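> give the three-dimensional model of this entry:
(2 chains)
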Amino acid sequence: MSLIEQFIERAKKDPKRIVLPEGQDAQIVRAASRLAQEGIASPLVLGQQDAVAALAGDASLEGVQVVDPADQQVLERYAAAYSSRRDSVTGNMARRVVKRPLLFGAMMVAEGDADGMVAGISRPTAQVISAASLAIGYADGISAASSFFIMVLPGDAEKVLVFADAAVAVDPTSAELAEIAVVTARNARALLQFEPRVALLSFSTRGSASHPRVDKVREAVGIARQLDPQLCVDGELQVDAAIVPRVAAKKAADSPLEGNANVLIFADLDVGNVAYKLTQYLANAQAIGPIMQGFRLPVNDLSRGASADDIVGVAAIAALQAGA
Amino acid sequence: MDRDEIKQRVIKVISQVLKVDESQIKEEHTFVADLGAESVQSIELMAGFEEEFDIEMDEDEALSVQSVGPAIDFIAKYLD
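All right, here's what the predicted structure looks like:
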């Protein structure tokens, strides 16, 4: 069973309410149908009942709740909640903000009417992040959105690594890098059910090079240990000292990771993005993601070309994040 | 509505949403780099302009406007 199939099976054990704001998209409607029919989640689709039904075609909408974002009563409730949290936004402005589907969906999550949101098939990632950060906000101790990839490496025994950040945070400070390390570890534990062993990577191992960029990574390790004292985290390490026990024994004999890191944190988006694509194409790894993180409640992004099956997988991931 | 009046009202909205004194807001200022907006606040600025002028703006076009002068010109198009 593939990892995504395992996520789907686990999501079925405790189906969550997942809002899909882009009910004008046929793939979204088909995905909602499958989520409901297979008991993976209780989908909430934003749109007009007739329009959603027309897009569904032969697919059953039993168990799919269609929510009209023009419903004045709900709109008023969300507008009031939004403006009460943002003191520079008047009630009338808030009404205009929350009637937009991504914001409406994010407000459903923020107000407890849904457990997570999956969006972005028709909108850029930046708008999904914007809606989530305005309506839901960040988790305690987290100041920005980030993302991670689950990399499934082929072989007799499938090896799974988590890479972060390879899609969102361009040039994190040491404090932001520490947050990415801690929040990625938390998500790795929730989704993959393993104990995270987190390496903050650099071109230097234990001061083998000196440069402000090395200092940034080393500082991030210190901050990450303060944020989560129980976390098994180390750095700065070169990637071979992080994932090859023989090299670790030589270059970083005192490392608690012992060359068995399973969560790799990259210093910036250049290296993160290149690393995940190299692993995907040269090592034939499957890359699952980017999975968004850092928000108080789960919000996940879709690629523009996502199929109904892709959306079901992302919804299952959001459901597991919601249950964590 | 002439451009000066639009400008004055645009500046009033920016001042309210971004909590910047009106006298500090210049046409050449960008919302994020010069006026300290978080990039996620674009949607709130847009809602503020729509409310002030009672218009509905195209979301993608509106979100591509990054500074004060172009925002004035963009809004003026809706008021013609």
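> what does chain B put close to chain A?
By CB under 8 Å from any CB of the partner chain, the part of chain B that sits against chain A consists of B:16-19, B:39-44, B:47-48, B:50-51, B:59, B:63. Using the backbone N, CA and C atoms, a C-beta is placed for each residue, glycine as well.
> closest one of these to A:R10?
Nearest to A:R10 among the residues of chain B next to chain A is B:V40, at 31.7 Å by CB to CB.
> not counting its neighbours along the chain, what's nearest residue 15?
Using chain A. What sits nearest to A:P15 in space, not counting adjacent residues and going by CB to CB, 6 or more residues apart in numbering or on different chains, is A:A41, at 5.2 Å.
> please refer instead to chain B.
Residue nearest to B:S15 in three dimensions, not counting chain neighbours: B:E22, with 4.6 Å by CB to CB, 6+ apart.
> A:E179 too?
A:I142 (5.2 Å).
> so what's that neighbour up against?
Contacts for A:I142 (CB atoms under 8 Å, 6 or more residues apart in numbering or on different chains) come out as A:E179, A:V183, A:G294.
> any idea how far it lies from A:A190?
Computed with CB to CB, to the nearest Å, the distance linking A:I142 and A:A190 is 15 Å.
> picking up where we left off before, phi first, then psi, for the residue nearest to B:S15.
B:E22 has phi and psi values of phi -60, psi -40 when expressed as degrees, to the nearest 10.
> quick one: contacts for it?
B:I11, B:K12, B:S15.
> pretty sure A:F295 contacts A:A145?
Yes: in this structure, A:F295 sits in contact with A:A145. The criterion is CB atoms under 8 Å, and the distance is 6.8 Å.
> what is in contact with the two at once?
A:A132, A:S133, A:Y138.
> filter those down to the buried ones, PyMOL style.
Selection of the buried residues among the shared contacts of A:F295 and A:A145 in PyMOL, burial being defined by 16 or more other CB atoms under 10 Å in any protein chain shown:
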select buried, chain A and resi 132+133+138
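> please narrow the shared contacts of A:F295 and A:A145 to those residing in helices.
The subset of these located in helices under the criterion DSSP state H comprises A:A132, A:S133.
> also near chain B: which of the shared contacts of A:F295 and A:A145, exactly?
With respect to chain B, and counting by CB under 8 Å from any CB, the subset of the shared contacts of A:F295 and A:A145 in contact is A:S133.
> dump the shared contacts of A:F295 and A:A145 to TSV, plus pLDDT.
Formatted as TSV, the shared contacts of A:F295 and A:A145 follow (pLDDT from 0 to 100):
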residue	pLDDT
A:A132	96
A:S133	94
A:Y138	95
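> for the shared contacts of A:F295 and A:A145, which one is nearest A:L278?
Checking these one by one against A:L278 (CB to CB), the nearest turns out to be A:A132, at 29.3 Å.
> nearest to chain B, of the contacts of A:I142?
A:G294 (12.6 Å; CB to the nearest CB).
> tabulate the shared contacts of A:F295 and A:A145 (TSV), appending distance to A:V217.
Converted to TSV, the shared contacts of A:F295 and A:A145 look like this (distance: CB to CB, whole Å):
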residue	distance to A:V217
A:A132	27
A:S133	26
A:Y138	22
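> that's a strand at the residue nearest to A:E179, yeah?
No: A:I142: not assigned to a strand; according to DSSP: H, G, I helix; E, B strand; the rest coil it is coil.
> that one and A:A31, how far apart?
From A:I142 across to A:A31, the span is 28 Å (CB to CB).
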